[in-house]
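**Q** my questions are about this predicted structure, shown below with the sequence.
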Amino acid sequence: MDKQIENQVLTYLKSQSRNKIVLYKGIHFDFTPIDLGLLLAQSIYNQNTDIKLSMLVTLELEKIFNANTFKHDLFGNILAISNIGILFEPDLKQDIIRIIEKYSFNNVLFVKWDGEIDNENLYFLTKQNGEKISIKNLSFITL
């Protein structure tokens, strides 16, 4: 991992903020983010249950995130995720901001973001053709 990137993250983590979110593209850390889309799809595929799909997804996300949160030597408790596009599926009825907020409260949430980012928004895919998520009320760093 690049020392300059490492120092940027450590400086950010020392700030007193409610959330700790690291949004990044094309950077290689000494950990691999989980493929959230794949893991969630596998966990809900062919589920035979009376639970509504949105509730099932919420329960499965909790299991996936809890199982993949770990202690990093430099950054403390972290959860690193990628491929979060599945959360934008309308049928799953997930509140992406609430999920990001919840899992970045007690952990550092590393999100490998393949879309576009500006000062206040995440764009799934592109600004012109994608979903826009306002993150202006969250504490984050982009790398």
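**A** Alright, I've got the coordinates.
**Q** okay, which residue is most central for this structure?
**A** Closest to where the C-alpha atoms of the chain average out (C-alpha atoms, centre = their mean) is residue 111, at 4.2 Å.
**Q** how close does that one get to residue 16?
**A** Counting by C-beta to C-beta, to the nearest Å, the gap from residue 111 to residue 16 is 21 Å. To be clear about C-beta, it is placed using only N, CA and C from the backbone, and glycine gets the same treatment.
**Q** which strand residues bridge the residue nearest to the centre of the chain?
**A** residue 23, residue 81 (DSSP bridges).
**Q** just the helices in the protein please.
**A** Secondary structure of the chain (DSSP state H): helices located at 3-13, 36-44, 53-68, 96-103.
**Q** ok, now how distant is the residue of the chain most remote from its centre from residue 8?
**A** The outermost residue of the chain, judged against the average C-alpha position, is residue 50 (27.9 Å), by C-alpha atoms, centre = their mean. Applying C-beta to C-beta, the value for residue 50 to residue 8 is 47 Å.
**Q** repeat that for residue 68.
**A** To residue 8, residue 68 is 24 Å away according to C-beta to C-beta.
**Q** cool, residue 26 as well?
**A** Taken as C-beta to C-beta, the span from residue 26 to residue 8 is 15 Å.
**Q** so which of the two has more stuff around it?
**A** Taking neighbours as other C-beta atoms under 10 Å, residue 26 and residue 8 compare with residue 8 leading, 15 against 7.
**Q** dump the residue contacts of the more buried one.
**A** By C-beta atoms under 8 Å, 6 or more residues apart in numbering, the residues touching residue 8 are 141, 143.
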